[in-house]
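Enquirer: coords please:
(one chain, ligands or ions: 2)
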Amino acid sequence: MKVVKFGGSSLASAGQIEKVFNIVSADSTRKIVVVSAPGKREAKDTKVTDALIAYYNAFKQQDVLDAHQEWIIERYRSIALALGMDETVIDPIAENIKALASLDVKNKFTYDTFLAAGENNNAKLVAQYFKAKGLNCRYIHPADAGIIVSAQPSNARLLKDSYKKIKYLADLEEIIIVPGFFGVTEAGEVCTFSRGGSDITGSILAAGVKAEMYENFTDVDGIFAAHPGVIKNPHSIKELTYREMRELAYSGFSVLHDEALVPAYRANVPLVIKNTNNPDHPGTRIVTKRETKGAPVVGIASSNGFASLFINKYLMNKEVGFGRKVLSALENLGIRFEHMPTGIDDMSIIIREKYLSKQLEKSLLKNLSESLHPDELYIEHGLSIIMLVGEDMKEHAGVTARAARALAVHGISISMISQGSSEVSLMFILDEKDEKQALRAIYDEFYFEI
Ligand SMILES: Nc1ncnc2c1ncn2[C@@H]1O[C@H](COP(=O)(O)OP(=O)(O)O)[C@@H](O)[C@H]1O
Ligand SMILES: N[C@@H](CC(=O)OP(=O)(O)O)C(=O)O
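Expert: Ligands and ions are numbered 1, 2, ... in the order given. The predicted structure follows:
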């Protein structure tokens, strides 16, 4: 059996839902369907999830709510009517959206309950439509599917025991329609994964029922070798390993949530990214191991919003415990870090700017200055990372030199270079203003080999 997940772009309108129906009914092994909330119909449109966030903010500020509620209800109404469904199917959806305003604003799961309503109502609507079209299907709430998660609002993690329950879904007769993006805590509270988390639901269910495949449907013909917003007509990748995808998802390939890889990978379920608008295209397969050797660089990702904490002290390499003191200072302030390129006498800690408030920054510099007495200590903002990814990079000499030369030719200066010992990825850290040009330069350098 296959688990199929349809993203918001695949469910944004009646026309899209019609395509989803055709895809599901074309293959009788597609038994579990995970749906997102209606997404954008065109670039400037608003996703239902974002409209629910705006609704929640108004609710929290005790603002007027009617316009927010109406906009969301209207999204579902226009879809249902265009699908030829009876107007009354909207009644329970409208009631549910309005009832959110009676939740307890102080409950830490209220925000998640608002957001989850986007997928929950959509899954019910889709199931009703599929049924009316003669498909033997059933809506199942994540609590009944067995998706039980830790009580971390907006950042849920599946509790391992959940898999014991989830596997019963494999024995059900009907096609199962499950809303993505959220689970419930042991106390029964609705708790979402982080944004884009319907991909995680699909992966969990695929692992739980030991699916033969997890098909993730979106609006592109698979994963491109670089962001389509920066590179015109980028090369589409036929096959990627889980490790490569993990690196790419981490560093900016927004097409798949990076946490969605683990469940499918551990259960050895192959994952395929496919296009709802072009379902005959084979898409991109994500596999545990590649059969044939690949090009040195299979994908190039980039991401901005990084800061670098720079510490220099003469004879740092001889000072026992130096690194521990740096990491303890970060830990004590609850700051997570991403990378740590080092030299003999210096060390840089790369941190996402969103996790470094002005106040934290001040405390961090003060603590480090007192505990380390460094020669130099400062934080640089406005950095981007460019990540070249490929498991077979280690077998090709000169990848770093080629990438660095491509940047030099365009006059782009590199702040730092970092490569882990597994050599799956090679990272350049540079000024945010150079990010797009750097991506184009490196893409052009490796383009013909990808
Ligand atoms: N390397 C990449 N390959 C393919 N798509 C990418 C890549 N990087 C970013 N994207 C973007 O990701 C989008 C799909 O992700 P998302 O918006 O989450 O879709 P969905 O709503 O279907 O879940 C694509 O439309 C594309 O613009
Ligand atoms: N609707 C949620 C969850 C999700 O996964 O959506 P999508 O599949 O459209 O990325 C969000 O926007 O974050």
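Enquirer: list the buried residues of stretch 317-335.
Expert: 322, 326, 329-330, 335 (16 or more other Cβ atoms under 10 Å). In short, each C-beta sits where N, CA and C put it, glycine included.
Enquirer: near ligand 1, which residues of this protein show up?
Expert: 7-10, 36, 39, 196, 218-220, 223-224, 227-228, 253-255 (Cβ under 6 Å from any ligand atom).
Enquirer: now stretch 55-65: buried residues?
Expert: In stretch 55-65, counting by 16+ other Cβ under 10 Å, buried: 55-56, 58-59, 65.
Enquirer: kindly report the same for stretch 380-389.
Expert: Here stretch 380-389 shows 383-389 as buried, counting by 16+ other Cβ under 10 Å.
Enquirer: now look at the helix or strand hosting residue 49 and say if it contacts ligand 2.
Expert: Assigned by DSSP states H and E, residue 49 belongs to helix 48-60. Yes: Helix 48-60 lies within reach of ligand 2 by Cβ under 6 Å from any ligand atom, at residue 49.
Enquirer: can you name the residue of the stretch 151-300 of the chain nearest ligand 2?
Expert: Residue of the stretch 151-300 of the chain nearest ligand 2, by Cβ to the nearest ligand atom: residue 198 (3.2 Å).
Enquirer: hmm, that residue is touching residue 34, no?
Expert: Yes: if you go by Cβ atoms under 8 Å, residue 198 and residue 34 touch, sitting 6.0 Å apart.
Enquirer: which residues do these two both contact?
Expert: Shared contacts of residue 198 and residue 34, defined by Cβ atoms under 8 Å, 6 or more residues apart in numbering, comprise 5, 179-180.
Enquirer: could you measure the residue nearest to residue 225 when sequence neighbours are not counted against residue 221, distance?
Expert: In this structure, residue 225 finds its nearest non-sequential neighbour in residue 235, 4.4 Å apart by Cβ to Cβ, 6 or more residues apart in numbering. For residue 235, the distance to residue 221 (Cβ to Cβ, to the nearest Å) stands at 11 Å.
Enquirer: looking at the stretch 301-450 of the chain, which residue is nearest ligand 1?
Expert: For the stretch 301-450 of the chain, Cβ to the nearest ligand atom, closest residue to ligand 1: residue 301, 7.0 Å.
Enquirer: got the phi/psi numbers for that residue?
Expert: When read as degrees, to the nearest 10, the backbone of residue 301 gives phi -110, psi 160.
Enquirer: when you give positions from now on, start the count at 320
Expert: With the count now opening at 320, the last piece we talked about shows up as residue 620.
Enquirer: correct me if wrong: it contacts residue 708.
Expert: Yes: Residue 620 is within contact range of residue 708, at 6.9 Å (criterion: Cβ under 8 Å).
Enquirer: give the residues shared as contacts by the two.
Expert: 566-567, 570.
Enquirer: out of those, list just those in helices.
Expert: Within the shared contacts of residue 620 and residue 708, residues falling in helices by DSSP state H are 566-567.
Enquirer: burial measure for the residue nearest to residue 544, as a count.
Expert: By other Cβ atoms under 10 Å, the residues close to residue 554 number 16.
Enquirer: cool, and the one 3 residues further on?
Expert: By the other Cβ under 10 Å criterion, the neighbourhood of residue 557 contains 13 residues.
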